[in-house]
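Give me the fold of what follows.
(chains A and B)
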Amino acid sequence: GAVVSQHPSWVICKSGTSVKIECRSLDFQATTMFWYRQFPKQSLMLMATSNEGSKATYEQGVEKDKFLINHASLTLSTLTVTSAHPEDSSFYICSARDWEGWNEQFFGPGTRLTVL
Amino acid sequence: AQSVTQPDIHITVSEGASLELRCNYSYGATPYLFWYVQSPGQGLQLLLKYFSGDTLVQGIKGFEAEFKRSQSSFNLRKPSVHWSDAAEYFCAVGAGNDMRFGAGTRLTVKP
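Sure, this is the predicted structure:
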């Protein structure tokens, strides 16, 4: 149980285009989902927290207009990187938390974004 | 402020040798503690977690960790390392919406 999937697992795009990454909780309802970014050889940095049906809360320094987060259902959250640039290339990982497992986040496998 | 410190950026051990990865934390309340492992290009896999109770926690792949409140530590141990254990290890502290990760320790295993 408690499986989180991400799609796509990797994506390459041209500078200036937008990319959407999906995060799904497969066997539980995720009241809260989180988006992290991880640069090579670094730790995970929280970008934003989203609750189903409400606006995401962004961490300081994360541009909310550039990284659009939608959590429209209890099993799906999307991260859209708008007008992507090479510096946005990174490993994006989502996690989800259900009501019963409120002490623990379940992590997706990550999405590798490369912007050319 | 909540924080997690993994003092060792990189550790090299010989296959079959014992391993201890250090984790120290600073947290306002009783923490929930986690150890994750990440192979290159992969997501995080939960090794073990501590919420309450017995301070010695057993995890997957033969790993264990001990919570020591007096030392604010949650060190990860394995009695005999296998070559497949080579990876990045992250300690995390928190609960619910507030989770903080350490910088990670990269484990190299020598044959």
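
distance of the closest residue to residue A:85 other than its chain neighbours from chain B?
The shortest distance from residue A:85 to any non-neighbouring residue, by Cβ to Cβ, 6 or more residues apart in numbering or on different chains, is to residue A:15 (5.5 Å). The way it works is simple: take the backbone N, C-alpha and C, and place the C-beta from them, glycine included. Noted for residue A:15: a distance of 23 Å to chain B, by Cβ to the nearest Cβ, to the nearest Å.

Next, the contact list for residue A:15, please.
A:84, A:85, A:86, A:115, A:116 (Cβ atoms under 8 Å, 6 or more residues apart in numbering or on different chains).

Just the buried residues of those residues.
A:84, A:115 (16 or more other Cβ atoms under 10 Å in any protein chain shown).

Okay, and which of the contacts of residue A:15 map to strands?
If you go by DSSP state E, the contacts of residue A:15 have residue A:115 in strands.

From the contacts of residue A:15, pick the one nearest chain B.
Nearest to chain B among the contacts of residue A:15: residue A:115, at 17.3 Å, using Cβ to the nearest Cβ.

near chain B, anything from stretch A:25-43?
Yes - using Cβ under 8 Å from any Cβ of the partner chain, stretch A:25-43 comes into contact with chain B via A:32, A:34, A:41, A:42, A:43.

between those residues, which has the most around it?
Greatest neighbour count in these, by other Cβ atoms under 10 Å in any protein chain shown, goes to residue A:34: 26 neighbours.

Residue A:95 is in contact with that one, correct?
Yes - judged on Cβ atoms under 8 Å, residue A:34 makes contact with residue A:95 at a distance of 4.6 Å.

Spit out the residues that contact these two alike.
Joint contacts of residue A:34 and residue A:95 (Cβ under 8 Å, 6+ apart) are residue A:105.

Contacts only, for the closest residue to residue B:4 other than its chain neighbours.
Spatially, and ignoring its direct neighbours in sequence, residue B:4 is nearest to residue B:102 (4.1 Å; Cβ to Cβ, 6+ apart). Shown in contact with residue B:102 (Cβ under 8 Å, 6+ apart): A:43, B:4, B:5, B:6, B:23, B:90, B:91, B:92.

Look up how far residue A:93 lies from residue B:102.
16 Å (Cβ to Cβ, to the nearest Å).

what does chain A have sitting close to chain B?
Chain A comes close to chain B at residues A:6, A:32, A:34, A:41-44, A:46, A:49, A:91, A:93, A:97, A:102-105, A:107-110, A:112, as judged by Cβ under 8 Å from any Cβ.
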